[in-house]
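Trainee: Predicted model and sequence follow; I will ask about them next.
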Amino acid sequence: MRWTLKPKQEQSQIDELAAALKVDTLVAQLLLQRGISTYQEAKRFFRPQLSELHDPFLMKDMDIAVVRIATAIANDENILVYGDYDVDGTTSVALVSSYLLTDYPNVATYIPDRYEEGYGVSYKGIDFAEDNGFSLIIALDCGVKAIDKVLYAKEKGVDFIICDHHRPGEHLPEAVAVLDPKRDDCSYPYDELCGCGVGFKLIQALASKRGETIDDLIPYLDLVATAIAADIVPMTGENRVLAYYGLQVINSSPRIGFKAIINQIKKSTLTITDVVFTIAPRINAAGRMKHGQHAVNLLTETNLNQAETFAKEIEQFNTDRKELDKEITQEALLQIQENKEEEGFSSVVYKENWHKGVIGIVASRLIETHYRPTLVFTKSGDKLAASARSVKGFDVYNALEGCADYIEQFGGHKYAAGLTLLEEQYEGFKKQFEKVVSETIDVKLLTPEITVDAKIEFNEITPKLLRIISQFEPFGPGNMNPVFMTDNLIDSGYAKTVGEDHKHLKCALKPNNVASTNGNKWGIGAIGFNLGAKITIVDKKEPFSAAFVLDENEWQGKTSLQLRLKDIK
């Protein structure tokens, strides 16, 4: 692990902001790091307002999309709401379909089968639309590269409205409207929306024509917040506003489907981190293990008993998924070892019977052991399909562009992508990908980095600081939970490893040779997930440094300050 301390701003800037906001200089420093330098910016950060959301009609083609939907409703056309099978896609479909159904009955949903149809718009989905009398498809979280498929639909008399957030190719599909803030010719002020965020802008535009206000759309924000969290888009600008209010909905008046999930996980108040690690995997498990439509059914259900039945089903999918990804990860690690590829610049592994639904998770797991750009392939029909994951600072999408001669189809983002290729191209692709990565990656990126926001003294670690930091939520890219580092620490003497295979480190930290421990002679409790091996450092009884975030520990109804360790050295 390499620790990188963020540069500190000019002290005069810090002092000026601290005085304006009447806060400690540490808090002012953290705000400046997040681009907040004035009272007004701080007010917007701590108290986001729905009124700050941009006019949806600033998005290219929005006016055309709204007119086409109005025409469909006026002419009693059947509308098919189509989306990808992941969290962003299924929440998008639930969002737009449930909104349209509030005053128009001729609306149905369609999620492609991950295994039969694969990612995005499919010919099978278009055939389904034609066979069942749908003349308009609203595609969410996909479609911006579906040039041939949209043309195929057009020939069949089926129109498309595309709501996507992925990078477009050189040409756009011949859809009625293409809503994508990443279009070069789109001047929308914020281009980091997720697919569900683009879907929300569509219903915001439709609502304005119905005479509804933004307050009427608040009940839909639990879906949007979940998609923002799961898709790991920046927690800035509109995303922060939408996630902030969406989290309030999740905790106060969630839709029935979310209520059923929350009842199972038995947690009273959820943070955005809880959404990422508890709600999102369950929704995702439907598309991974069975079919994404199960997730849409849960998210649109209005009867609690039925929703709880759906939630139990999805809970089982999630349990099965966990077992499967653990098994495949072990097989993939063994393959890397047997091929003597531990020292490469990339990991590319393949086995024909690996479950396609979990290869993305497996790629992320492999990076925990071999920190480098990683692809996991499996057989999919007569081709191979892969999920790609990258390391911080390296654009895997660009790397795949450098391997385009071997690839049938690919799409995605800087840190995550999917692709298909012919089996006979696998070995050539593997060599080319290793070559591209080795020639373009900065070798320091192959060592995991912890970015530290500020170096602080032990006596600054207080419940008050935790309360202030909690107001920075929701956390995410662009506004990560602040990481602190403190030097000259020792353990109180009760350090131990815990969990399966003793993977985790539990200890209590206090300053070395200093009597003051903030009133706690045992120090402050700390937990280090996957840091069990670091107990050797703690047991030396010599001072060490810790990088950590502030956290809460709930035990027997009591809540106390706890440090969540990122690393010690």
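Mentor: Alright, I've got the coordinates.
Trainee: so the closest residue to residue 410 other than its chain neighbours bridges to which residues?
Mentor: Sequence neighbours aside, residue 419 is the residue nearest to residue 410 in space, at 3.6 Å (criterion: CB to CB, 6 or more residues apart in numbering). Bear in mind the C-beta positions are built from the backbone N, C-alpha and C, glycine included. Going by DSSP bridges, residue 419 is paired in beta bridges with residue 386, residue 410.
Trainee: how near is residue 381 to residue 480?
Mentor: 40 Å (CB to CB, to the nearest Å).
Trainee: Residue 217 too?
Mentor: 28 Å.
Trainee: between those two, which one's more packed in?
Mentor: More crowded of residue 217 and residue 480, by other CB atoms under 10 Å: residue 217, with 20 against 15.
Trainee: Quick one: residues contacting residue 391.
Mentor: Residues near residue 391 by CB atoms under 8 Å, 6 or more residues apart in numbering: 367, 371, 372, 373, 445, 446, 448.
Trainee: buried subset of those residues?
Mentor: For those, a burial check counting by 16 or more other CB atoms under 10 Å picks out 367, 371, 372, 373, 445, 446.
Trainee: can you name the two of those that are farthest apart?
Mentor: The span of the buried ones among the contacts of residue 391, defined through CB to CB, is set by 367 and 445 at 11.8 Å.
Trainee: show me where the stretch 401-550 of the chain has strands.
Mentor: Ranges of strands in the stretch 401-550 of the chain, per DSSP state E, counting those that start in this stretch, are 409-412, 416-422, 449-452, 454-455, 484-491, 496-498, 504-511, 524-528, 544-555.
Trainee: Tabulate those (CSV), appending mean neighbour count.
Mentor: Formatted as CSV, the strands of the stretch 401-550 of the chain follow (neighbours: other CB atoms under 10 Å):
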stretch, mean neighbour count
strand 409-412, 18
strand 416-422, 19
strand 449-452, 16
strand 454-455, 18
strand 484-491, 20
strand 496-498, 14
strand 504-511, 22
strand 524-528, 22
strand 544-555, 18
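Trainee: hmm, back to that, possible to save the contacts of residue 391 as a markdown table with distance to residue 82?
Mentor: Listed next are those as a markdown table, based on distance: CB to CB, whole Å:
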| residue | distance to residue 82 |
| --- | --- |
| 367 | 32 |
| 371 | 37 |
| 372 | 36 |
| 373 | 31 |
| 445 | 37 |
| 446 | 39 |
| 448 | 38 |
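Trainee: and the two most separated of those residues?
Mentor: 373 and 448 (13.3 Å).
Trainee: From the buried ones among the contacts of residue 391, pick the one nearest residue 290.
Mentor: When the buried ones among the contacts of residue 391 are compared against residue 290 (criterion: CB to CB), the nearest one is residue 367, at 26.6 Å.
Trainee: what bridges to the closest residue to the closest one other than its chain neighbours?
Mentor: Using CB to CB, 6+ apart and skipping residues adjacent in sequence, the residue nearest residue 367 is residue 374, 5.4 Å away. Beta-bridge partners recorded for residue 374 (DSSP bridges): residue 347, residue 389.
Trainee: tally of neighbours for residue 374?
Mentor: 26.
Trainee: Identify the residues contacting residue 490.
Mentor: Residue 490 neighbours (CB under 8 Å, 6+ apart): 509, 510, 511, 512, 541, 542, 543, 544.
Trainee: Bridge partners for it, pull those for me.
Mentor: Counting by DSSP bridges, residue 490 is bridged to residue 510.
Trainee: and the gap between it and residue 537?
Mentor: 11 Å.
Trainee: what do those two both touch?
Mentor: With CB under 8 Å, 6+ apart as the test, residue 490 and residue 537 both reach residue 544.
Trainee: quick one: low-confidence ranges for the chain?
Mentor: Confidence mapping of the chain against pLDDT under 70 gives the ranges 514-521.
Trainee: Let's see that with 80 instead.
Mentor: Regions of the chain meeting the criterion pLDDT under 80 cover residues 266, 412, 513-522, 554-557.
Trainee: ok, and the closest non-adjacent residue to residue 184?
Mentor: Per CB to CB, 6+ apart, closest to residue 184 is residue 168, 7.6 Å.
Trainee: So which residues of the stretch 301-450 of the chain form helices?
Mentor: Per DSSP state H, counting those that start in this stretch, the stretch 301-450 of the chain carries helices over the ranges 304-338, 359-369, 396-401, 426-440.
Trainee: for the first one, which positions count as buried?
Mentor: Of the residues in helix 304-338, those buried under the neighbour-count criterion (16+ other CB under 10 Å) are 307-308, 310-311, 314-315, 317-318, 320-321, 324-325, 328-329, 332-333, 335-336.
Trainee: got a markdown table for the helices of the stretch 301-450 of the chain, with distance to residue 6 too?
Mentor: As requested, the helices of the stretch 301-450 of the chain are arranged in a markdown table below (distance: least, CB to CB, whole Å):
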| stretch | distance to residue 6 |
| --- | --- |
| helix 304-338 | 33 |
| helix 359-369 | 23 |
| helix 396-401 | 25 |
| helix 426-440 | 26 |
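Trainee: which non-adjacent residue is nearest residue 30?
Mentor: Leaving aside its sequence neighbours, residue 30 sits nearest to residue 482 (CB to CB, 6+ apart; 5.4 Å).
Trainee: ok, residues contacting the helix or strand encompassing residue 240?
Mentor: If you go by DSSP states H and E, residue 240 is part of helix 237-252. Helix 237-252 has contacts (CB under 8 Å, 6+ apart) with 45, 48-50, 52-54, 190, 192-194, 197, 200, 218-219, 221-226, 228-229, 233, 235, 258, 262, 269-272, 275, 279, 473-474, 476, 479.
Trainee: Give me the buried positions along it.
Mentor: Buried-residue list, helix 237-252, by 16+ other CB under 10 Å: 237-247, 249-251.
Trainee: need the next SSE after it, C-terminal direction.
Mentor: Following helix 237-252 in sequence, per DSSP H and E, is helix 256-265.
Trainee: on that earlier part again, from memory the residue nearest to residue 410 sits against residue 378, does it?
Mentor: No: in this structure residue 419 lies outside contact range of residue 378 using CB atoms under 8 Å: 12.0 Å.
Trainee: overlap in contacts of these two?
Mentor: 385, 386.
Trainee: on that earlier part again, check the buried ones among the contacts of residue 391 against residue 522 and report the nearest one.
Mentor: Among the buried ones among the contacts of residue 391, residue 371 lies closest to residue 522 (CB to CB), at 34.7 Å.
Trainee: can you tell me which residues contact the residue lying closest to that closest one once chain neighbours are set aside?
Mentor: Closest residue to residue 371 apart from its sequence neighbours, by CB to CB, 6+ apart: residue 448 at 5.2 Å. By CB under 8 Å, 6+ apart, the contact list for residue 448 reads 1, 2, 371, 391, 392.
Trainee: Next step: the residues you listed restricted to strands.
Mentor: residue 2 (DSSP state E).
Trainee: Residues in contact with stretch 6-25: which ones?
Mentor: Under CB under 8 Å, 6+ apart, the answer for stretch 6-25 is 27-29, 31-33, 36-39, 42, 451-454, 468.
Trainee: Now that we have those, which of them are buried?
Mentor: Counted by 16+ other CB under 10 Å, the contacts of stretch 6-25 give 27-29, 31-33, 36-37, 42, 451-454, 468 as buried.
Trainee: Can you dump the C-alpha atoms of stretch 389-409 in PDB for me?
Mentor: This file holds the C-alpha atoms of stretch 389-409, laid out as PDB (Å, rounded to 0.1, in the frame of the first residue of the first chain):
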ATOM      1  CA  ARG A 389     -12.200  -4.200 -14.000                       C
ATOM      2  CA  SER A 390      -9.400  -1.700 -13.600                       C
ATOM      3  CA  VAL A 391      -7.300  -0.200 -10.900                       C
ATOM      4  CA  LYS A 392      -7.400   3.400  -9.800                       C
ATOM      5  CA  GLY A 393      -5.900   5.700 -12.400                       C
ATOM      6  CA  PHE A 394      -5.900   3.300 -15.400                       C
ATOM      7  CA  ASP A 395      -8.600   3.600 -18.100                       C
ATOM      8  CA  VAL A 396      -9.500   0.000 -19.100                       C
ATOM      9  CA  TYR A 397     -11.900   1.200 -21.700                       C
ATOM     10  CA  ASN A 398      -9.100   2.900 -23.600                       C
ATOM     11  CA  ALA A 399      -6.900  -0.200 -23.200                       C
ATOM     12  CA  LEU A 400      -9.700  -2.300 -24.800                       C
ATOM     13  CA  GLU A 401      -9.800   0.200 -27.700                       C
ATOM     14  CA  GLY A 402      -6.100  -0.800 -28.300                       C
ATOM     15  CA  CYS A 403      -7.300  -4.400 -28.600                       C
ATOM     16  CA  ALA A 404     -10.200  -3.700 -30.900                       C
ATOM     17  CA  ASP A 405      -8.900  -6.000 -33.700                       C
ATOM     18  CA  TYR A 406      -9.600  -9.000 -31.500                       C
ATOM     19  CA  ILE A 407     -13.000  -7.900 -30.100                       C
ATOM     20  CA  GLU A 408     -16.500  -8.400 -31.500                       C
ATOM     21  CA  GLN A 409     -18.200  -5.800 -29.200                       C
END
